[in-house]
Every structure is written in structure tokens, then in C-alpha cells.
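> got a structure for you, letters missing:
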């Protein structure tokens, strides 16, 4: 598989090592923490993502799934099915499986293939196999679904087959690797696909739901881009904030990461919970 350019969020490699190396920051004893350190707990800046496990073995494959983000995107599938006029559990299950294969496995494998942003030790051949296998599995599920629902479902299948490699491998000089296409491909697309799979049509609830999902995906992209830029590119963050009451607060990488990553965790959990609530309301 061809990658057209080097990722901007991955430091350039030199002799098998990256330009930027971070040393783990260890927490002081709980009783010795300052008020700032309690509010903004220090992170291990050596990790390329807050959910990344120690490198090696099965941990690499779990990290590759981007668990909170995969859960987030699959929540849009559940929400789309729950808002559809007709809820069909069998079609929802098939759609969830298809998007888990396409997004949770294939897209993330292709993303790791493109510059190793998660710094895993998964062999290149395994990443290619996961990328192709996951996408092919999702396409087959979609094609079978079109036989039992509507031929128009093939339009969703075709879009998914294109956007996963186009976004993650940055085809056409990264034209599809943008905030807009992320919100469309990882938010609006799974939502509308699940809605259509159950209802076989798109109504006003699909329109307004898609707008909301687009906004949520844009917020996710904004927060995650800043967090990964700090983790993967910032050599150091130093400074202090002086408040009106005279309080002085030291600013470092932990301070810069804490709010964004906490917001991402809370949003992922909230969207999953809302999707479950919408589903249970239909039972």
C-alpha cells in the first residue's frame, strides 16, 4: 500500500529512532503534590496517546484499536439505528460488526501503517493484512445487507471502501485527511448508514442527527489533534500563568494535556451512554 507523504504528527525517524524523545514523568507522592498537580495530574509523555499501553505483544494490538475512539464511532451506529423509524436488531448487529471491522480494525491498521503514530511493533505485513482483511469483511457484510434491504445501501459500501484508505493513507496528497472528512467519514457516515440500514430511507431525524454527529466529531477532532500534537511533537512546554488574585501556576505538558484528554474521555463515555439510552427507549 502506498503512502503519499509523511505524517505531520509523527516525528521524523533517524536511524530507527525519532527526532523527539520524551522521558516518563513520574508522579510525586500524593501527599507532596501541589494544588496544580492534583488538578492536572502528570501524564507519561512518552506514550503517543493517553490510551496507549506499553509496547509489545498483545498490548500493541489492543492499543491499535484506539478503544475509546472505536467505542465513540460505534456509538454513532447505535444512535443512527435508534433514531430510525424502524429498529431492526439483526441489521444493527450486522452494521456494528461491519463498522468494527472497517473502523476499529482496518482504518486503524492503515493509520498505523502510515508513519507508526502509535509506535507499535506490529509487523508491517500484519498491518497490511488487518487493513485489507477488515475492509474486505466490512464490504462483504454491506453487500449481503444490500441484498436483503436496498441496492442503495451499496452507495454507503462504496463510500466506506474509499474513505478508509483515502483518509488514513492520505491519498491525493492528503486531500481527504482533514477535519471535514473526518467528521463525515467517522461521524456522519456510520450514523446515516445505520439509520438507512434499519429504515431503508432517510428522514428529518436523520438530517438533524447527522448535523449533531458532525458537530460532535468536529469537537473530537479539535481536542484529539491538539493532544496528539503535544504528545508527539512538543519538545517541552514551559511557563506560568499569573491570575488576578496573585496565584501563580506552572504550565507544562501535563497542564496542556489534561483538559483536552479529560474532555475526550468524558465525551466518549457520554456519547456511548446516550446511544444506549436511545436504544433502550426503543425496546
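Happy to help now that I have it. This structure is a prediction, so every number in the text was calculated from the model and none was measured.

> Residue 155 versus residue 166, what's the distance?
Separation of residue 166 from residue 155 (C-beta to C-beta, to the nearest Å) stands at 16 Å. Glycine gets a C-beta too; all of them are placed from N, C-alpha and C.

> who's more crowded, those two?
Each of residue 166 and residue 155 has its neighbours counted (other C-beta atoms under 10 Å); residue 166 has more, 18 against 14.

> Helix or strand: which one has the residue nearest to the more buried one when sequence neighbours are not counted?
Counting by C-beta to C-beta, 6 or more residues apart in numbering, residue 166 lies nearest to residue 176, which is 4.3 Å off, once chain neighbours are set aside. Using DSSP states H and E, residue 176 maps to neither a helix nor a strand.

> Kindly list the main-chain dihedrals of residue 176?
phi -100, psi 0 (degrees, to the nearest 10).

> Could I get the contacting residues of it?
163, 166, 167, 170, 185 (C-beta atoms under 8 Å, 6 or more residues apart in numbering).

> redo that, cut-off 7 Å
163, 166, 167 (C-beta atoms under 7 Å, 6 or more residues apart in numbering).

> Specify which member of those is nearest to residue 68.
residue 167 (18.8 Å; C-beta to C-beta).

> helix or strand for that closest one, which one?
Using DSSP H and E, residue 167 falls in helix 153-168.

> low-confidence ranges in the chain?
1-46 (pLDDT under 70).

> which residues in it form strands?
Counting by DSSP state E, the chain has strands at residues 13-14, 17-18, 239-242, 248-251.

> quick one on the thing from earlier: can you pull the buried residues of the helix holding residue 167?
Across helix 153-168, burial judged by 16 or more other C-beta atoms under 10 Å covers 153, 156, 157, 160, 161, 163, 164, 165, 166, 167, 168.

> can you pull the contacts of residue 272?
Here residue 272 is in contact with 71, 75 (C-beta under 7 Å, 6+ apart).

> distance of it from residue 112?
Counting by C-beta to C-beta - residue 272 and residue 112 are separated by 24 Å.

> rewinding a little: now do the helix holding residue 167: which elements does it pack against?
helix 108-113, helix 124-148, helix 189-199 (3 or more C-beta pairs under 7 Å, 6 or more residues apart in numbering; DSSP states H and E).

> From residue 55, how far out is the closest residue to residue 271 other than its chain neighbours?
Take residue 271 and drop its neighbours on the chain: the residue closest to it by C-beta to C-beta, 6+ apart is residue 75, 4.7 Å away. Distance of residue 75 to residue 55, computed by C-beta to C-beta: 28 Å.

> try residue 181
Where residue 55 is concerned, residue 181 sits at a distance of 30 Å (C-beta to C-beta).

> for residue 162, same thing?
The separation that residue 162 has from residue 55, given C-beta to C-beta, amounts to 32 Å.

> In contact with the residue lying closest to residue 186 once chain neighbours are set aside, which residues?
In this structure, residue 186 finds its nearest non-sequential neighbour in residue 73, 5.4 Å apart by C-beta to C-beta, 6+ apart. Residues counted as contacts of residue 73 (C-beta under 7 Å, 6+ apart) are 99, 103, 186, 190.
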